[in-house]
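**Student:** The amino acid sequence is not available; the structure is as follows:
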Ligand SMILES: Cc1cc2nc3c(=O)[nH]c(=O)nc-3n(C[C@H](O)[C@H](O)[C@H](O)COP(=O)(O)OP(=O)(O)OC[C@H]3O[C@@H](n4cnc5c(N)ncnc54)[C@H](O)[C@@H]3O)c2cc1C
């Protein structure tokens with residue numbers, strides 16, 4: 001067993017003092033949770049309104065999932081585009097997809113406005129497919145993207161792929177055939193089972209560092225309108241008709257006209273909705289917790305930044321593409337070590353464990369041997385390591401992901417009391433969606449008319465993504 005040791009927090013090099021709430025406070029808007037969702041919400045709320053904002057964080061900024069992730073930037077949902085269309089229709093599904101893809105531009109705008117130094121690497125990432133059914137699912141999705149007017153990339157398929165001839169003619173504009181050696185070389189593997197690549201726009205950043213820098217900018221730019229309270233856990237949230245009270249302790253509370261919950265789905269807040277139907281139980285059932293385990297090692301800086309996902313090998317496409325079997329993902333980006341030398345940091349994720357009760361998750365939990373062995377095996381049999389190589393990890397870390405029942409982030413007002421908003425539910429790919437969520441919430445706060453979307457919280461969200469969606473359940477020893 002190992003301690004939870006994240007490379008992102010290691011790089012944080014924080015200099016600000018931690019300032020907790022020191023008495024009662026009044027604001028127009030209270031944001032609860034200081035991860036990338038809360039900080040992006042603060043950024044856009046301050047930019048797009050004149051309101052007084054307080055951000056209340058139980059611990060320290062960016063020390064939740066934002067400080068414990070894989071650090072790659074992507075705009076896909078962990079559901080196929082075709083299943084989004086089945087649930088929402090092509091118009092709403094493509095608007096939702098387009099909205100998340102627009103976050104690349106938002107990211108550039110934020111960086112430019114705040115003159116940020118946090119490095120962000122952008123490149124084409126690869127998803128590796130090992131069977132023709134998987135390839136057909138992606139081709140079908142891409143055909144639907146074309147129909148919806150969304151940009152697509154050409155799939156790359158090995159000239160030695162079995163069943164190549166079974167690909168319907170209607171997809172012929174959507175893929176290209178390459179020598180098998182090229183496919184394996186791009187995937188940095190010698191595992192001959194991989195037959196195709198889905199290329200996609202991707203990136204890498206340390207989201208904790210990004211948040212720490214952005215919060216510094218907000219504190220400096222809006223001293224009159226912005227307050228940050230760290231080490232300030234909200235115990236109870238009482239919603240009235242036109243204001244809310246955040247109980248911190250017997251002697252400290254925050255009163256605000258509107259509240260945005262950016263807690264990733266996990267909190268110990270008791271929510272009391274005095275004017276309407278109870279929210280509490282429903283809210284807690286909405287988001288399930290999955291612990292994700294990651295490992296990282298450094299090597300010489302000889303290769304460019306990369307992101308490669310190795311999708312499940314077995315074909316299992318009864319209802320969606322991301323089901324059941326484990327898939328591992330890997331990122332590579334420059335990383336400065338203690339000696340101030342820059343190396344490449346290789347991060348691998350994949351093993352996950354479902355949390356029955358997320359209140360039992362603790363960041364201090366030790367890192368289980370089983371997760372490390374899974375990652376060892378992946379590196380040995382897929383990513384170029386010989387089985388004899390000893391792998392020395394510099395970092396082993398875990399974090400909690402919030403999965404909404406339909407696999408889509410919740411962004412918008414609570415139907416039972418619209419003074420409460422949500423920007424939460426990461427679904428594994430949550431960095432760019434959190435930023436988009438921040439912008440969308442600011443539209444509501446500014447009084448702008450906001451069109452309905454796939455992100456709207458509804459009272460009747462159903463379990464659309466099957467339970468077996470959980471990619472890799474570890475049999476953790478008690
Ligand atoms: C292992 C792992 C790997 C991942 N990899 C990727 C990836 O590669 N790419 C990607 O896009 N996404 C990834 N994600 C998801 C991504 O990290 C999250 O979607 C994102 O960080 C969520 O940000 P957040 O602000 O919603 O949540 P968090 O960062 O968890 O922030 C929530 C904050 O709310 C605070 N809070 C909770 N309750 C209270 C309370 N009662 N009072 C006050 N404050 C409270 C917490 O202390 C916390 O700081 C990964 C997640 C994990 C766990």
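**Tutor:** That came through, no problem. Treat the numbers as computed from the prediction; the structure is a model and nothing was measured.
**Student:** Check which helix or strand residue 313 maps to.
**Tutor:** Under the criterion DSSP states H and E, no helix or strand holds residue 313.
**Student:** wouldn't it be in contact with residue 133 here?
**Tutor:** No: between residue 313 and residue 133 there is no contact, the gap being 11.0 Å when judged by C-beta atoms under 8 Å. (C-beta placed from N, C-alpha, C; glycine too.)
**Student:** ok, which residues in the stretch 201-350 of the chain are in contact with the ligand?
**Tutor:** 207, 233, 234, 262, 263, 264, 267, 268, 269, 292, 294, 349 (C-beta under 6 Å from any ligand atom).
**Student:** Surely the fourth one and residue 43 touch.
**Tutor:** No: at 11.9 Å, residue 262 and residue 43 do not qualify as touching, with contact defined as C-beta under 8 Å.
**Student:** can you tell me the residue of the stretch 151-300 of the chain closest to the ligand?
**Tutor:** residue 292 (2.8 Å; C-beta to the nearest ligand atom).
**Student:** same check, this time on the chain
**Tutor:** residue 430 (1.8 Å).
**Student:** related to what we said a few turns ago, quick one: buried residues of the helix or strand where the residue of the stretch 151-300 of the chain closest to the ligand lies?
**Tutor:** Using DSSP H and E, residue 292 falls within strand 288-299. Within strand 288-299, the residues that qualify as buried by neighbour count (16 or more other C-beta atoms under 10 Å) are 288, 289, 290, 291, 292, 293, 294, 295, 296, 297, 298.
**Student:** Can you show me the strands along the stretch 51-200 of the chain?
**Tutor:** Secondary structure of the stretch 51-200 of the chain (DSSP state E, counting those that start in this stretch): strands located at 53-56, 72-73, 120-129, 155-158, 175-178, 196-205.
**Student:** Mean pLDDT and distance to residue 371 for those strands - can I get that in a markdown table?
**Tutor:** Putting the strands of the stretch 51-200 of the chain into a markdown table (pLDDT from 0 to 100; distance: least, C-beta to C-beta, whole Å) gives the following:
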| stretch | mean pLDDT | distance to residue 371 |
| --- | --- | --- |
| strand 53-56 | 98 | 32 |
| strand 72-73 | 96 | 19 |
| strand 120-129 | 96 | 21 |
| strand 155-158 | 97 | 31 |
| strand 175-178 | 97 | 34 |
| strand 196-205 | 97 | 22 |
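**Student:** and these, which is most packed in?
**Tutor:** Counting by mean count of other C-beta atoms under 10 Å, strand 53-56 has the highest mean neighbour count of these, with a mean of 26.
**Student:** Show me what from the stretch 1-150 of the chain comes close to the ligand.
**Tutor:** Within the stretch 1-150 of the chain, the positions lying close to the ligand (C-beta under 6 Å from any ligand atom) are 32-38, 56-59, 63-66, 68-72, 74.
**Student:** Next step: these restricted to helices.
**Tutor:** In helices, judged by DSSP state H, the following of these are found: 36, 37, 38.
**Student:** pretty sure the last one is touching residue 262, no?
**Tutor:** Translated: residue 38. Yes: under the criterion of C-beta under 8 Å, residue 38 makes contact with residue 262 at 3.7 Å.
**Student:** Give me the common contacts of these two.
**Tutor:** Applying C-beta atoms under 8 Å, 6 or more residues apart in numbering, one finds that residue 38 and residue 262 are jointly contacted by 31, 32, 423.
**Student:** Inside strands: which ones of these?
**Tutor:** 31, 32, 423 (DSSP state E).
**Student:** Relative to residue 123, which of these is nearest.
**Tutor:** Nearest to residue 123, judged by C-beta to C-beta, of those is residue 423 at 27.5 Å.
**Student:** Give me the nearest residue to that closest one, chain neighbours excluded.
**Tutor:** In this structure, residue 423 finds its nearest non-sequential neighbour in residue 437, 3.8 Å apart by C-beta to C-beta, 6 or more residues apart in numbering.
**Student:** Next one: residue 91 from residue 250, what distance?
**Tutor:** Residue 91 is 51 Å from residue 250, where distance means C-beta to C-beta, to the nearest Å.
**Student:** Just give the strands next to whichever helix or strand comes after the strand holding residue 292 in its sheet, each with its orientation.
**Tutor:** Using DSSP H and E, the helix or strand that follows strand 288-299 towards the C-terminus is strand 306-310. Sheet pairing here is set by DSSP bridges, and for strand 306-310 it gives strand 120-129 (parallel), strand 328-336 (antiparallel).
**Student:** okay, now the nearest residue to residue 100 once chain neighbours are set aside: neighbour count?
**Tutor:** Among residues not flanking residue 100 along the chain, residue 75 sits closest, at 4.7 Å (C-beta to C-beta, 6+ apart). When neighbours are defined as other C-beta atoms under 10 Å, residue 75 has 21 of them.
**Student:** Also residue 236?
**Tutor:** Residue 236 is flanked by 14 other residues according to other C-beta under 10 Å.
**Student:** now do residue 416
**Tutor:** Considering only other C-beta under 10 Å, residue 416 is surrounded by 18 other residues.
**Student:** isn't it right up against residue 277?
**Tutor:** Yes: counting by C-beta under 8 Å, residue 416 touches residue 277, with 4.7 Å between them.
**Student:** can you pull the contacts of the residue nearest to residue 159 when sequence neighbours are not counted?
**Tutor:** Setting aside the residues directly before and after it, residue 159 is nearest to residue 177 in space (C-beta to C-beta, 6+ apart), at 5.1 Å. Taking C-beta under 8 Å, 6+ apart, we find residue 177 in contact with 156, 157, 158, 159, 164.
**Student:** Count the residues that sit near residue 360.
**Tutor:** Residue 360 - counted by other C-beta under 10 Å - has 9 other residues nearby.
**Student:** and the host helix or strand of residue 396, which residues are buried?
**Tutor:** Assigned by DSSP H and E, residue 396 belongs to strand 395-403. Going by neighbour count (16+ other C-beta under 10 Å), the buried part of strand 395-403 is 395, 396, 397, 398, 399, 400, 401, 402, 403.
**Student:** where does the stretch 351-478 of the chain come near the ligand, residue by residue?
**Tutor:** Taking C-beta under 6 Å from any ligand atom as the contact definition, the stretch 351-478 of the chain meets the ligand at 399, 400, 401, 424, 426, 428, 429, 430, 431, 434.
**Student:** related to what we said a few turns ago, name the nearest of the ones in strands among the shared contacts of residue 38 and residue 262 relative to residue 142.
**Tutor:** Of those, the one sitting nearest to residue 142 (C-beta to C-beta) turns out to be residue 423, at 29.4 Å.
**Student:** For the closest one, give me its contacts.
**Tutor:** 37-38, 40-41, 260-262, 409-411, 434, 437-438, 440-441.
**Student:** which ones among those are found in helices?
**Tutor:** Reading helices off these with DSSP H, I get 37, 38, 40, 41, 434, 437, 438, 440, 441.
**Student:** With respect to residue 363, which of the shared contacts of residue 38 and residue 262 is nearest?
**Tutor:** Ranked by distance to residue 363 (C-beta to C-beta), the shared contacts of residue 38 and residue 262 are led by residue 32 at 18.2 Å.
**Student:** pLDDT below threshold where in the stretch 251-400 of the chain?
**Tutor:** 266-267, 280-286, 315-326, 356, 385-389 (pLDDT under 70).
**Student:** If we use 50, what do you get?
**Tutor:** Within the stretch 251-400 of the chain, the stretches with pLDDT under 50 are 318-323.
**Student:** can you pull the contacts of the residue nearest the centre of the chain?
**Tutor:** By C-alpha atoms, centre = their mean, the chain has its centre lying nearest to residue 430, at 1.8 Å. By C-beta under 8 Å, 6+ apart, residue 430 lies in contact with 36, 37, 65, 69, 401, 409.
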